[in-house]
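Enquirer: need a structure here:
(chains A, B, C and D)
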There are 2 protein chains.
Amino acid sequence: MKLLDISEVSHQTCIAASAIRHYEEKGLLTSLGRRGLKRLFGPEVLDQLALITLGRTAGFSLDEIREMFGPDGRPDISREKLNRKADDLDEQIRHLASLRDMIRHVAVCTAPSHMECPRFRKLLRVGSRSRTKNCAAGRQKALRS
Amino acid sequence: MKLLDISEVSHQTCIAASAIRHYEEKGLLTSLGRRGLKRLFGPEVLDQLALITLGRTAGFSLDEIREMFGPDGRPDISREKLNRKADDLDEQIRHLASLRDMIRHVAVCTAPSHMECPRFRKLLRVGSRSRTKNCAAGRQKALRS
DNA sequence: CTACCAATTCAAGTCGACTTGAGGTCAAGA
DNA sequence: TCTTGACCTCAAGTCGACTTGAATTGGTAG
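Expert: Below is the predicted model of the structure:
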C-alpha cells in the first residue's frame, strides 16, 4: 500500500497543504503516521477529501461533515438526522434550480428591469416558497397587516 | 403605495434589520427615502430580499448578486457571464444530488465504514467527477475567457 | 558529517457577511 | 413640552475556514 506525503495529496486533490492539516486538526481525516515530522497518508485520504469538498460545496460546515461521515467512517448521527439533511439538500436543489432558471431568463429578457417582468416575478415567487418561517422571533405582531 | 419601515420589512422577511442595512450599504437594494432618520422601503424590497436570500443560499457573494440583479434591476453583466453562472449552478445541483444520495445511503447502509461500502464509493466517484482542474499549480495554460 | 529544504508547529492575520455596542436623533404620544 | 423608544451611524467584534509567517525539525543528497 502506497503512502502519500502531504504535498502529493495536495497536488492530486488541488487542496492546499494547510487546508489538509486544518482538516486533520479538526478531526475530519487521519494520517497513518509520520516519517520524522512529516505526515503520511493512505490512499483513502483522497476519497475523504473528495467527500469533504463535496460537503463544503453543499454548504455544510466542517463540524457537520465530521458528524455525518467522521474520519473513521461511522456516522455518529441518527438516521433521522441524516434524512433531515438529505431533505434540506432537496430543498436547496429546488432553490438552486429556480435561481438558475431566473438567471437564464435574465440573460434573454428584454424588460427594463427584472421586477417588471412577470415571468421573473413568477420565478421568484416559486423560488421563495417555504420562506414562511416565523423568524424564531416568535412574537406574532405581524398579524396586523 | 404603502411604505414599510425597516422593522416591518424585517418581520415580514425574517431578515435582521442590521442585515437589511448592510445590503443597502452594499448597494443591493435602495430605500425610497427617509422619515426623519428612518428608512422607508417600497414593497418591491421584499422581492429584492427574496432574491438576495436565494442567491446567498446558492453560494453567491453579495457582490456577485449585485452584478447579476442590481438594485435597479438591470444586469450590468454579459449574457455569456450569466449563462456561465447558470452552468455553475447546474454543476452544483449535480453535486448536491450526489451528496444527497450518499447521505440517504449512509442512513441505511450497514457496512462498518462508508469507504468499505462499494455503493458509497461509487456514489463518491460520481460526485467528484469534473474535479480534474489543474490547481493553478499545474501552470498549464488555463483556457481563460 | 553537514548542508539543504520540504514539512512542521503555533500564533496571528484575512475575508465575507453580518452582529453588537455606544452614543445620537427625532416623530409621536402623554 | 417633554419623554420615549425605535432607528440611526460608525467602529469594532465575531465566526468559520483557511492562509501566512517565523522559527524549528529531521530525512536525504553530496
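Enquirer: so where's chain A uncertain?
Expert: A:1, A:73-76, A:129-145 (pLDDT under 70).
Enquirer: what residue is smack in the middle of it?
Expert: In chain A, the residue lying closest to the centroid (C-alpha atoms, centre = their mean) is residue A:58, at 2.0 Å.
Enquirer: next, that residue: phi, psi?
Expert: Residue A:58 has phi and psi values of phi -80, psi 0 when expressed as degrees, to the nearest 10.
Enquirer: skipping its backbone neighbours, what lies nearest residue A:49 in space?
Expert: residue A:13 (4.9 Å; C-beta to C-beta, 6 or more residues apart in numbering or on different chains). Quick note: C-beta positions are derived from backbone N, CA and C, even for glycine.
Enquirer: and residue A:48, by the same measure?
Expert: residue A:29 (4.7 Å).
Enquirer: try residue A:64
Expert: residue A:55 (7.3 Å).
Enquirer: get me the contact residues on chain A for DNA strand C.
Expert: Contacts of chain A with DNA strand C, taken as C-beta under 7 Å from any atom of the strand, map to A:5, A:6, A:7, A:8, A:17, A:21, A:37, A:38, A:39.
Enquirer: from chain B, how far off is the fifth one?
Expert: As for residue A:17, its distance to chain B is 11 Å (criterion: C-beta to the nearest C-beta, to the nearest Å).
Enquirer: Provide the secondary structure category for the residue nearest to residue A:48.
Expert: Secondary structure for residue A:29, judged by DSSP: H, G, I helix; E, B strand; the rest coil, is coil.
Enquirer: show me what contacts it?
Expert: The contact partners of residue A:29, taken as C-beta atoms under 8 Å, 6 or more residues apart in numbering or on different chains, are A:20, A:23, A:41, A:45, A:48, A:49, A:52, A:71.
Enquirer: helix or strand for the second one, just tell me which one.
Expert: Assigned by DSSP states H and E, residue A:23 belongs to helix A:17-25.
Enquirer: and the helix or strand just after that helix, what other elements does it pack with?
Expert: Counting by DSSP H and E, the element after helix A:17-25 in chain order, helix or strand, is strand A:33-35. With contacts taken as 3 or more C-beta pairs under 8 Å, 6 or more residues apart in numbering or on different chains; DSSP states H and E, strand A:33-35 sits against strand A:38-41.
Enquirer: and DNA strand D, is the following helix or strand past the strand it packs on touching that?
Expert: Counting by DSSP H and E, the next helix or strand C-terminal to strand A:38-41 is helix A:44-57. Yes: for helix A:44-57 and DNA strand D, the contact criterion (C-beta under 7 Å from any atom of the strand) is met by residue A:56.
Enquirer: name the nearest residue to residue A:34, sequence neighbours excluded.
Expert: With sequence-adjacent residues excluded and distances taken as C-beta to C-beta, 6+ apart, residue A:34 is closest to residue A:40, at 6.4 Å.
Enquirer: ok, the closest residue to residue A:41 other than its chain neighbours - contacts?
Expert: Spatial nearest neighbour of residue A:41, excluding adjacent residues (C-beta to C-beta, 6+ apart): residue A:4 at 4.7 Å. Contact analysis of residue A:4 by C-beta under 8 Å, 6+ apart lists A:12, A:40, A:41, A:42, A:43, A:45.
Enquirer: quick one, phi/psi of residue A:4?
Expert: Torsion angles, degrees, to the nearest 10, at residue A:4: phi -110, psi 140.
Enquirer: the nearest residue to residue A:5 once chain neighbours are set aside: neighbour count?
Expert: Distances taken as C-beta to C-beta, 6+ apart put residue A:38 closest to residue A:5, at 5.6 Å, once the chain neighbours are dropped. The tally of other residues near residue A:38 (other C-beta atoms under 10 Å in any protein chain shown) stands at 11.
Enquirer: pretty sure residue A:38 sits against residue A:3.
Expert: No: if you go by C-beta atoms under 8 Å, residue A:38 and residue A:3 don't touch, sitting 10.3 Å apart.
Enquirer: in the helix or strand residue A:65 falls within, what's buried?
Expert: Residue A:65 belongs to helix A:62-69 when assigned by DSSP H and E. For helix A:62-69, the neighbour count (16 or more other C-beta atoms under 10 Å in any protein chain shown) marks A:65, A:66, A:67, A:68, A:69 as buried.
Enquirer: got those residues as CSV, with distance to chain B columns?
Expert: Output for the buried residues of helix A:62-69, formatted as CSV (distance: C-beta to the nearest C-beta, whole Å):
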residue, distance to chain B
A:65, 10
A:66, 13
A:67, 11
A:68, 7
A:69, 6
